[in-house]
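Visitor: Quick check, what structure comes out for this input:
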Amino acid sequence: MGLAFRVCDGRWAVCRLAPDAEIPSWLGTGFVSITRTPHELSIVCPEQGVPAEVQAERAWACLQLQGPFAFTLTGVLASFLAPLAAARVPIFALSTYDTDWVLIPGSRLDDALSALAAAGHLRDTSSTTP
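Guide: Just a heads-up that it's a prediction; the model follows:
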């Protein structure tokens, strides 16, 4: 099944804070994901607002699958990630109520786009801001 997706503008960071840290004020706007576990506060946000001292993996590109997808569907994310795995493109995947988001190293964006096109996935260029 070919999925439509968008490449979001900008670069993204995956940050790790202490599990009891407050939600920071530097998150920025647009696509932000916050997950707290007993071991960490993990934040995905626009890279430009992340202070230098924050532990973070930076320079990620963000792909947004064009949802929404029904909760009863199976294999949606797997069908999108399999070609990236075959091309050895690292990923950081997030799911929301409506859709899935896949972060890849910005330096591998061209490789990812080629692998996804070869697998029949369709890039939507109509809007790139999450």
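Visitor: Pull out the buried positions in stretch 99-116.
Guide: For stretch 99-116, burial by neighbour count (16 or more other Cβ atoms under 10 Å) applies to 99-106, 108-109, 112-113, 115-116. C-beta: built from backbone N, CA, C; applies to glycine.
Visitor: contacting residues for Arg11?
Guide: Contacts for Arg11 (Cβ atoms under 8 Å, 6 or more residues apart in numbering) come out as Pro46, Glu47, Gln48, Arg58, Ala59, Trp60, Ala61, Gly106.
Visitor: ok, back up a step: which members of the buried residues of stretch 99-116 are positioned in strands?
Guide: Using DSSP state E, the subset of the buried residues of stretch 99-116 located in strands is Asp100, Trp101, Val102, Leu103, Ile104, Pro105.
Visitor: partners of the fifth one in the sheet?
Guide: It stands for Ile104. With DSSP bridges as the criterion, Ile104 is bridged to Ala61.
Visitor: Surely Ala52 forms part of a strand?
Guide: No. Assigned with DSSP: H, G, I helix; E, B strand; the rest coil, Ala52 falls outside any strand and is coil.
Visitor: Next, give phi and psi for it.
Guide: Here is the backbone geometry of Ala52 (degrees, to the nearest 10): phi -60, psi -30.
Visitor: Can you convert the ones in strands among the buried residues of stretch 99-116 into a markdown table and add a column each for distance to Glu40 and pLDDT?
Guide: Listed next are those as a markdown table, based on distance: Cβ to Cβ, whole Å; pLDDT from 0 to 100:
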| residue | distance to Glu40 | pLDDT |
| --- | --- | --- |
| Asp100 | 21 | 91 |
| Trp101 | 19 | 96 |
| Val102 | 21 | 97 |
| Leu103 | 17 | 98 |
| Ile104 | 21 | 98 |
| Pro105 | 21 | 98 |
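Visitor: Many thanks, I have nothing further to ask.
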